[in-house]
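Participant: just to be clear, the model below is a prediction. Sequence and coordinates:
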Amino acid sequence: MSSCTAMRTLVLVSAGLLTSGTLLLLFVEATGRLLAVAPFSLPLVLSGPLLLGIALLIAFIPRHSKPCS
C-alpha cells in the first residue's frame, strides 16, 4: 500500500470513528443508557486524532516525500 493510499484511508477511518463516537454519545444522551454504552464512545472519539497523528507521521517519512496525486 502506498503512503498516499494509507494516508487517505487513515483520514477516512478517523472521520468515521469520530462520527460514530459522536453519534453514539448523542444516542446515549437521548435514551438515558449512560452506564451501559457511554464508555464505548470515548475510545471511538479519541482514536480519531490518534489515527490522524499516524497519518501525519507517515507523511513525514523521508522516502514518502513524493506528492500524492
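Facilitator: That came in fine, so what should we check first?
Participant: so what's the residue sitting nearest the centre point of the chain up against?
Facilitator: Geometric centre of the chain, nearest residue: Ser14, 1.9 Å, by Cα atoms, centre = their mean. Shown in contact with Ser14 (Cβ atoms under 8 Å, 6 or more residues apart in numbering): 47-49, 51-52, 55. Where C-beta positions appear, they are placed from N, C-alpha and C, glycine not excepted.
Participant: in the worst-scoring helix or strand of the chain on mean pLDDT, which residues are buried?
Facilitator: Within the chain, no helix or strand scores below helix 34-60, which has a mean of 80 by mean pLDDT, DSSP states H and E. Using 16 or more other Cβ atoms under 10 Å as the test for burial, helix 34-60 gives 41, 44-45, 48, 51-52, 55.
Participant: between those residues, which sits nearest Thr22?
Facilitator: Val45 (6.5 Å; Cβ to Cβ).
Participant: quick check: pLDDT value at the closest residue to the closest one other than its chain neighbours.
Facilitator: Counting by Cβ to Cβ, 6 or more residues apart in numbering, the nearest residue to Val45 once its immediate chain neighbours are dropped is Gly21, at 3.7 Å. Looking at Gly21, its pLDDT reads 87.
Participant: verify the stated contact: Gly21 with Ser41.
Facilitator: Yes - the pair Gly21 / Ser41 is scored as a contact, 4.7 Å apart, by Cβ atoms under 8 Å.
Participant: how far off centre is stretch 9-28?
Facilitator: 7 Å (Cα atoms, centre = their mean, to the nearest Å).
Participant: and for stretch 46-66?
Facilitator: 12 Å.
Participant: just stretch 4-18 next, same as before
Facilitator: 7 Å.
Participant: so for it, mean pLDDT?
Facilitator: 85.
Participant: go through that stretch and flag the buried ones.
Facilitator: 7, 10, 14, 17-18.
Participant: out of those residues, which one sits closest to Val37?
Facilitator: Leu17 (15.8 Å).
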